[in-house]
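Enquirer: I need the structure of the sequence given here:
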Amino acid sequence: MIENYHVLCDDGIARSSIGRMYKEVQAIFRYELGLLGSKVRAYEGLVLSRSTVIKLVSCCPWLLVGGVNSEFIIVLKRLKGLGFENDWIGGYLSGKSSYNWKRMHDTIDFLEKVGYSEEQMVSLFKTNPELLFEGSGKKFYVLVGRLLKLGLKMKGVLSLFLQNPQILSKKCAKNLWQAVGFLFEIGMKVEDIVSIVSSHVQLLCSCSLKGSRTVLRSLKVGREGLCQIIKEDPSELLSLASKSKINSMEHVTCQSPSKHLEKTTFLLRLGYVENSDEMFKALKLFRGRGDQLQERFDCLVQAGLDCNVVSNMIKQAPSVLNQTKYVIEKKIDCLRNCLGYPLQSVVAFPSYLCYDIERINLRFSMYVWLRDKGAAKSNLSLSTILACSDARFMKYFVDVHPEGPAQWERLRKSLP
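Expert: Numbers count the residues shown, from 1 in each chain. Sure thing, here's the model as predicted:
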């Protein structure tokens, strides 16, 4: 055993690595004198440099058991066939990792079968060598599995990889799953998420996103409204949630000409001056096509508000039009028939239409209960109930009555 220890030392393998090799494969230290050295030199015979062989046997000591590992030879030949030098792998081997050469071979085979050209594979491995070397291709299979679990069919997964080879990169895959998580967090249905992933995967992979709560707070729009906006135009996800200000600005200025013209025409009708700073800011604030914005505007007019009044409301609270016609109608119906407030009350507080319907129902249910107990004034304004912080609401609408906290919990559990 001591003789074989010295053989490895003489070959240039670090003592710390030898200790690890002994823990993993003790059998190689019991070889007859000269056998271990010959096995190490057999890998040098594959036209690998001494430094590459040292890395190779240090992290994969089991390669020294039996003959030269056939799976390793296959991987080496496949990579060479793609134009990689034999020693290319040496730059990505780590003594802290172990490698499954069969899985690497299977990964290359799979990419070839789904239609990747040699040029695409070379570009992929050069740009993202970790796809092969970190987990021996395991991340690739994990990505496939997650897409299948999401609801895509294998044919669709393969088509995605072929048309968008960049999604296999570490950064793109991370952005993709962050975007999928974002869509789940805002309550989007699985079938809608699958549809967006299938048709807009390049968009989802392009940048990192803010958290869903941050986006909802900044837009003052409910989950349902945000879902509808993204379903109608998935590209809005980039401008609404991207962490990159540059990407968001480019999205505004590089929209399709027809979409830009529709929004501009709508804003001119609202009274904005063409090419003004206010116009440019408004183009960033309003989400959706021009015809969608007009439909939402008309919805408020048809509900009984004057056209000029609606224009002023929109300038005060642009996020009102970032919701679908359905959501706006639902909130107006809630205002009139559930809360018992007149439509004119939104004129003084148009931001009412921007709050989650869940927040509206919960807070007003608590207010009505408190009012019926004689602990709150009648006909408080919408802003008094909705606009205050959670802490302030708890202080003045929950804790103000002895039974308030218990009632609040009951409402939270009972309301959808």
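
Enquirer: following the one helix or strand in the chain whose mean pLDDT sits lowest, which helix or strand shows up next?
Expert: Taking mean pLDDT, DSSP states H and E as the measure, the helix or strand of the chain with the lowest value is helix 245-253, at a mean of 42. If you walk from helix 245-253 toward the C-terminus, the next helix or strand you reach (DSSP states H and E) is helix 257-270.

Enquirer: mind giving me the packing neighbours of that following helix?
Expert: Judged by 3 or more CB pairs under 8 Å, 6 or more residues apart in numbering; DSSP states H and E, helix 257-270 is in contact with helix 277-285, helix 290-302, helix 307-316. The C-beta positions use only the backbone N, C-alpha and C, and glycine is treated the same way.

Enquirer: deepest of those, which one?
Expert: Taking mean count of other CB atoms under 10 Å as the contact definition, the stretch among these with the greatest mean neighbour count is helix 290-302, which reaches a mean of 18.

Enquirer: contacts for that one, please.
Expert: With CB atoms under 8 Å, 6 or more residues apart in numbering as the contact definition, helix 290-302 has outside contacts at 232, 259, 261-266, 286, 288, 307, 310, 313-314, 320-321, 323-325, 328-329, 332.

Enquirer: which of those residues count as buried?
Expert: Of the members of these, the ones counted as buried by neighbours, 16 or more other CB atoms under 10 Å, are 262-264, 266, 286, 288, 310, 313-314, 320-321, 323-325, 328-329, 332.

Enquirer: tell me how many other residues surround Met366.
Expert: 23 (other CB atoms under 10 Å).

Enquirer: in whichever helix or strand it is part of, what's buried?
Expert: For Met366, the enclosing helix or strand under DSSP H and E is helix 357-372. When neighbours are counted by 16+ other CB under 10 Å, the buried residues of helix 357-372 are found to be Ile357, Ile360, Asn361, Leu362, Arg363, Phe364, Ser365, Met366, Tyr367, Trp369, Leu370, Arg371.

Enquirer: same question for stretch 400-411.
Expert: By neighbour count on 16+ other CB under 10 Å, the buried set for stretch 400-411 is His401, Gly404, Gln407, Trp408, Leu411.

Enquirer: now those in a markdown table, with distance to Ala42, pLDDT and secondary structure?
Expert: Supplementary listing: the buried residues of stretch 400-411 in a markdown table, determined by distance: CB to CB, whole Å; pLDDT from 0 to 100; DSSP: H, G, I helix; E, B strand; the rest coil:
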| residue | distance to Ala42 | pLDDT | secondary structure |
| --- | --- | --- | --- |
| His401 | 84 | 94 | coil |
| Gly404 | 80 | 93 | helix |
| Gln407 | 79 | 94 | helix |
| Trp408 | 75 | 94 | helix |
| Leu411 | 75 | 92 | helix |
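
Enquirer: out of the residues you listed, flag the one nearest to Val180.
Expert: Proximity of these to Val180 was ranked by CB to CB; the top entry is Leu411 with 32.2 Å.

Enquirer: isn't the closest one up against Leu362?
Expert: Yes. With contact defined as CB atoms under 8 Å, Leu411 reaches Leu362; the gap is 6.0 Å.
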